[in-house]
Each structure stands twice: as C-alpha cells, then as structure tokens.
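Peer 1: Make a model of this:
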Amino acid sequence: MHPREQITLIIERIYKRRLTTTSGGNISIIDENGDIWITPSAVDKGSLKPSDIVCVRKNGSIEGKHKPSSEYPFHKSIYECRSDIKSIIHAHPPALVSFSIVRQVPNTNIFPQAKYACGAVGYATYEVPGSYALGKRIADEFKKGFTSVIMENHGTVVGGTDIADTFQRFETLEFTARTILYANQIGTPHFLTEEQIQFYNTNSHSDFPELKNAEYLPDEQEMRAEICSIVKRACDQGLMISSYGTVSARWKGNDFLITPTDLSRWDYHLNDIVQIKDGKSEAGKKPSRSAKLHYEIYKNNPDINSVIITQTPYLMAFGVTNKEFNVRTIPESWIFLQDVHSLSFESLITDTENIAKGFAKNRAVIISNNYFIVTGNKLLQTFDYLEVAEFSAKSLVMGASLGNMVPINDAQVEDLRKAFLN
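Peer 2: Residues are numbered from 1 along each chain as shown. Got it, this is the predicted structure:
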C-alpha cells in the first residue's frame, strides 16, 4: 500500500474513534529514499483523501496540493535522530491530553501488553507548536530510547517501525491512559511489577502440536467470516484495540477457530484465523496466547460455543483496582452476565484449568491487570454480553461521582432468575 493510502487509512481510524479533531494531529511516513509523506496543514481530518497527502523530498522540495503539517519540523527531527523509526503519529487524544496538562506520564505497567507495546513513556516540556525548539525537545526524548512521548500541555507523539506498529502504540497508550483515569474515579489503580510482567511473558504462550492437514469446509469458512466481522465491530466500538483482543468459536466437538497473535486486530482476514483440531494448531500460524485457556473452556463446558477475551477501558478500571464489578445495575445487566468475579493476575498462569471449569457457574470473569473473559452459546450473543458488560461498567464509573450505587436487591434478583433463567 502506498504511503498516501496508509496515512489516509490510519487517520480515518483515529478520527472515527474520536482520538483527534478535524484540525488536530498529524501522521507521517519516511520511505526508503528518505522522503517524508505527511498529512497536510489545515485540511479536514474527517475527509482526508490520499491525494491530500504531501511529500517532502529528501532535498527539501515539496510535492502536493497543500502545505505540509505545521508540525513537520519535529517529525523531521525524530527521523534524523532515530533511523529505526519509519512512521510517526501526533494527536491530542483526550486521556493523554489529561496527562499532559497535569504534567504526568501514564505508567504502562498497568497491563503486560501495554508495557510491551509502549515501553516507558518520555516527557517533552512545552515549546511553541510547529517550532524547531519543540522539535529539539521531542527529539531529545527519542534519543533517550523512548518511542512514546507526552508533550507538555499539548498531547502525545509516538513512533514505530512502520505505520501499523505506530498506530498500535498510539492506540494502546491512549487505552492505558483511559483505564488509569477511570480507575482513579472508583479507587486506586494497581500496577504490575517488572517481575510479574516477566513471569507472564515467559509463561503465557500457547504451544500446540502442528496440525498438518486442516479441513476448510463451508461451515468452517462461514465461521471464520463471522469471527472477522465480530473483531472488526469490536475495534470500531472501542471494545478491542490493535494490540489486544481474542475471539474464538467452537467448530465441532472440542475443535474451534481462534484469532491469531501478533497481528493488528483491525486487519484480520479469513486466512489469518487459526484452526485448532484434535488439540493441534493449524500449520504456519500462531494462535492467540490465550488459546490454551479457550481449549480448556471448550473441553470442560459443552454448552459454551464462543469465547471473547479483551480489554475495555471501563471494565478494566475494575480489573486494575480490585473494586467489585457489581452488575446488579439494571435487569438486563444481571440477566446477561449474572455475578462477575475477579481473579488474580497470577491465576491465569497457575490455575488455567480451574478458571476454565469455573465457567460452569460463571458467564464472565475479570483477570486482574489483564483482561475480561466472556462466554456464550453463539458468537453474536457473546459479543452482546461484552457490550452489556462495558456499558454497565461505564455506568458505574460515571455514577461514582454522584454517590454510592444502590443495586437491585436479592429479592428482585430472585424474581429475575425465575422469570428469565428457569
């Protein structure tokens, strides 16, 4: 894909997710010739076309029908000091701006994948936007090895090895910031130690023997398409991000299909989905790191036919504070989810089989500082449960400033049980 098209695709995602405004933010790519392709100045980000993207040649000449972004100087400064960086995103997403105006950086030790995707976050003190002084301040932070930087009273800038890597880092950093902000509204966020993150990274892989002869029957292909559709919808709605989210569906018996690891959730195609058959994994593909947990859930729960594991900012506010996620908010929430329990971060590694067996009684659980697991009979039903869970968590976080929650009482819950679950 041409740099013009890559930039247009990513700015569209950022704008639709309300992570920038009509006039705010800029994206660039440096190509193998040293030419920089960058979003234009003063052009609507909501309707940007490939033909709007400007090219600043290595010799300084400008090609395009617009002026390059006013922030071009700091893009150029970063590329000059970091040859490994090939793409840059700058924007003013609300949560990261919140950090910038209180002069803090988000602690990415909130989740293992946040630390993996973003690393430690740098901090550039204030300078006039578009100035060479600002470019120097930011470049100085990148020279220290940071790939994510908070800009004081401004926003954020991130870099990556390509535009997909950069967008993943940008999206993950904003998600991290949102989670910390929401967590502070209901309690005190807990952060992982370096040892806990290392323990998780060392022990969380799902290794299956190789399946050499996979079957691609019509119903299997249909299921692949449904999985891709659900993942795309989850990304559009902010229920998954590039770097995180797993969907699986039982195919037949204990065989199932599952999303892969190390690919952007925005870009899944049918052939990316991984078949797990007879305890073996489709050759040439890497299933989600949580595939073993999915395998155990299906093996121990014949009534469960789909599983979604993801991180959402309001649900994970409960996951990082160990505050009770009480779904007795409105009848629908309790009917769909029943009571949701939280489990320790370490249990995911040390107690996988018992977590799986627990779904005989629980429809959903939260793993502290990691993710939310929800199960169901059909994939669309499971996705509906996820939506309801995040809406319920959002209501609780928003309501925290009004006073203490008054839940549906036990007698009312029993009435719901008799009316809807018996």
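Peer 1: Sort out which residues of stretch 294-304 are buried, please.
Peer 2: Neighbour-count burial for stretch 294-304, counted by 16 or more other C-beta atoms under 10 Å, picks out H294, Y295, E296, I297, Y298, N300, N301, I304. C-beta coordinates here come from the backbone N, C-alpha and C atoms, glycine included.
Peer 1: now swap in stretch 181-192 and tell me
Peer 2: So for stretch 181-192, counting by 16+ other C-beta under 10 Å, buried means L181, Y182, A183, I186, P189, L192.
Peer 1: what mean pLDDT does stretch 113-132 have?
Peer 2: Stretch 113-132 carries an average pLDDT of 94.
Peer 1: E387: neighbour count?
Peer 2: E387: 16 surrounding residues under other C-beta atoms under 10 Å.
Peer 1: S229 too?
Peer 2: So S229, with other C-beta under 10 Å, has 15 neighbours.
Peer 1: Also K232?
Peer 2: K232 has 15 nearby residues by other C-beta under 10 Å.
Peer 1: repeat for the one 10 residues further on
Peer 2: A count of neighbours around S242, defined by other C-beta under 10 Å, yields 22.
Peer 1: Quick check, S23 in contact with A42.
Peer 2: Yes. With contact defined as C-beta atoms under 8 Å, S23 counts as touching A42 (7.0 Å).
Peer 1: quick one: common contacting residues for these two?
Peer 2: Listed contacts common to S23 and A42 are nil; contacts here mean C-beta atoms under 8 Å, 6 or more residues apart in numbering.
Peer 1: any idea how far A177 is from S392?
Peer 2: 22 Å (C-beta to C-beta, to the nearest Å).
Peer 1: Same drill for the two, tell me which one is more crowded.
Peer 2: A177 (29 against 24).
Peer 1: Do you have the strands of the stretch 301-422 of the chain handy? List them.
Peer 2: 306-310, 341-343, 364-367, 371-376 (DSSP state E, counting those that start in this stretch).
Peer 1: can you tell me which residues contact I241?
Peer 2: Counted by C-beta under 8 Å, 6+ apart, I241 has contacts Q168, E171, T172, F175, C235, R265, Q311.
Peer 1: how does the protein divide into domains?
Peer 2: 3-186, 199-421 (automatic domain parsing).
Peer 1: Quote the end-to-end distance of the last one.
Peer 2: Start to finish, the residues bounding domain 199-421 are 40 Å apart (C-alpha to C-alpha, to the nearest Å).
Peer 1: Quick check: mean pLDDT of that domain?
Peer 2: 94.
Peer 1: thinking again about what came up before, looking at the contacts of I241, which is nearest S83?
Peer 2: Nearest to S83 among these is Q168, at 20.3 Å by C-beta to C-beta.
Peer 1: Could you measure from the residue most central in space within the chain over to R17?
Peer 2: Centroid-nearest residue in the chain, with C-alpha atoms, centre = their mean: I241, separated by 2.5 Å. Here I241 is placed at a distance of 9 Å from R17 (C-beta to C-beta).
Peer 1: which residues are common contacts for those two?
Peer 2: In contact with both I241 and R17: E171, using C-beta under 8 Å, 6+ apart.
Peer 1: what's the most distant pair in the buried residues of stretch 181-192?
Peer 2: Longest span within the buried residues of stretch 181-192, C-beta to C-beta: I186 and L192, 18.9 Å.
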